[in-house]
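Novice: A predicted structure for the sequence below; I have some questions about it.
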Amino acid sequence: WEVTKDANASWLTIGSSRGTKNGSFNIWAQDNTTGVERSATITVSVSRSDYYKTVTIRQKASSNPPTPTPSLEVSKNSVSLSATGGEDSFTIKSNTSWTVSSNQSWCTVSPTSGNNDGTVSIKVDENKNTTTRSANITVKYGDKSETVTVSQAAADVQLAVSPTSLSFTENGSSEDITITCNSDWTVSSNQTWCTVSPASGSSNGKVTVTAIANDSNGERSATITVKSGNVTQEVSVTQAAKPEEGIGRNDYDDDVNLDKNK
């Protein structure tokens, strides 16, 4: 006869697994540290025959099983999302309890705690800034932790100016232009007679354009350039010419010494 055991009963050991006629065999069981009862089947079969007998072995659970070492794995360590925002997720494989937190208010997680295996959802708000940003999601278990880094793309630069053209008299004066922007910007003029203030700013604002008096007899023009990142807007500026000098009726009527024939 021959003795065999279940293939998955590694916790059982059989002594002499073969014999002839009457006999016996020994069985050893390892300590059960799983915390649950377990069982296996031993089969005694007769050579050159289909005759066999089975024996069921059961082992009680430990009344004080050892605490398993806490372990935890995350399915991904980085997440990338567009500037418009959105959602993503990662899975947790663990044998213990855990908590989840984000270090940025624009990046939220759900759930914020759990036990054993689970899935964590990530939600990111729209990024209205023109710079990329990142957040760290910390999964903590016991005195250990895992980190998932969330990166979000920058928003495109939005830039508009109003009005897009200015006209000044020959005497000169000042006018304002309004800038609508979601980033830093700079302003410059290509002519010294036409100045701007301030020359830079951030977000929405106003810029004062000043033209000094035009002492020439010709009309002149300038271009105001507003730039933010790789986006540019222009404001065209024109100034009237100084009138040509001459004598009109009012000029000589008030001058008694002027020869009116000239």
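Specialist: Nice, I can see it.

Novice: helices along the stretch 151-262 of the chain, start to end?
Specialist: 249-253 (DSSP state H, counting those that start in this stretch).

Novice: below-threshold pLDDT in it: ranges please.
Specialist: Applying pLDDT under 70 to the stretch 151-262 of the chain flags residues 246-262.

Novice: strands along that one, start to end?
Specialist: With DSSP state E, counting those that start in this stretch as the criterion, the stretch 151-262 of the chain has strands at 159-162, 165-168, 173-181, 184-189, 194-197, 200-202, 205-211, 220-228, 231-239.

Novice: with mean neighbour count added, can I get those in TSV?
Specialist: For the C-beta atoms, the positions are set from N, CA and C on the backbone; glycine is no exception. As requested, the strands of the stretch 151-262 of the chain are exported to TSV (neighbours: other CB atoms under 10 Å):
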stretch	mean neighbour count
strand 159-162	16
strand 165-168	16
strand 173-181	16
strand 184-189	18
strand 194-197	18
strand 200-202	14
strand 205-211	17
strand 220-228	18
strand 231-239	18
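
Novice: in stretch 113-132, what's buried?
Specialist: 114, 118, 120, 122-124, 127, 130 (16 or more other CB atoms under 10 Å).

Novice: just to revisit the earlier point, would you format the strands of the stretch 151-262 of the chain as a markdown table with distance to Thr13 included?
Specialist: Formatted as a markdown table, the strands of the stretch 151-262 of the chain follow (distance: least, CB to CB, whole Å):
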| stretch | distance to Thr13 |
| --- | --- |
| strand 159-162 | 79 |
| strand 165-168 | 96 |
| strand 173-181 | 78 |
| strand 184-189 | 75 |
| strand 194-197 | 91 |
| strand 200-202 | 77 |
| strand 205-211 | 83 |
| strand 220-228 | 77 |
| strand 231-239 | 77 |
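
Novice: and these: which comes nearest Gly85?
Specialist: strand 173-181 (20.9 Å; CB to CB).

Novice: partner strands of the closest one, with direction?
Specialist: Here strand 173-181 is paired, per DSSP bridges, with strand 159-162 (antiparallel), strand 205-211 (antiparallel).

Novice: JSON lines for those strands, including distance to Ser62?
Specialist: Output for the strands paired with strand 173-181, formatted as JSON lines (distance: least, CB to CB, whole Å):
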{"stretch": "strand 159-162", "distance to Ser62": "71"}
{"stretch": "strand 205-211", "distance to Ser62": "73"}
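
Novice: distance check, Thr67 against Lys144.
Specialist: According to CB to CB, to the nearest Å, Thr67 stands 15 Å off from Lys144.

Novice: residue contacts, the nearest residue to Cys194 once chain neighbours are set aside?
Specialist: Excluding its sequence neighbours, the residue lying closest to Cys194 (CB to CB, 6 or more residues apart in numbering) is Ala222, at 3.9 Å. Counting by CB atoms under 8 Å, 6 or more residues apart in numbering, Ala222 touches 189-191, 193-194, 211, 236-237, 239.

Novice: who's Ala222 bridged to?
Specialist: Assessed by DSSP bridges, Ala222 has beta-bridge partners Val237.

Novice: same question, Thr147
Specialist: Thr147 has these beta-bridge partners by DSSP bridges: Thr138.

Novice: so how far is Ser80 from it?
Specialist: From Thr147 to Ser80 the distance is 15 Å (CB to CB).

Novice: got it, and Asp215?
Specialist: Using CB to CB, Asp215 is found at 60 Å from Ser80.

Novice: again, but for Ser62
Specialist: Ser62 is 47 Å from Ser80, by CB to CB.

Novice: show me the contacts for Ala160.
Specialist: 179-181, 233.

Novice: enumerate the beta-bridge partners assigned to it.
Specialist: With DSSP bridges as the rule, Ala160 is bridged to Thr180.

Novice: return the distance of it relative to Val124.
Specialist: Ala160 sits 27 Å away from Val124, going by CB to CB.

Novice: which ones are touching the closest residue in space to Ser89 that isn't next to it in sequence?
Specialist: What sits nearest to Ser89 in space, not counting adjacent residues and going by CB to CB, 6+ apart, is Ser121, at 4.8 Å. Listed by CB under 8 Å, 6+ apart, the contact partners of Ser121 are 87-89, 109-110.

Novice: cool, thanks, talk later.
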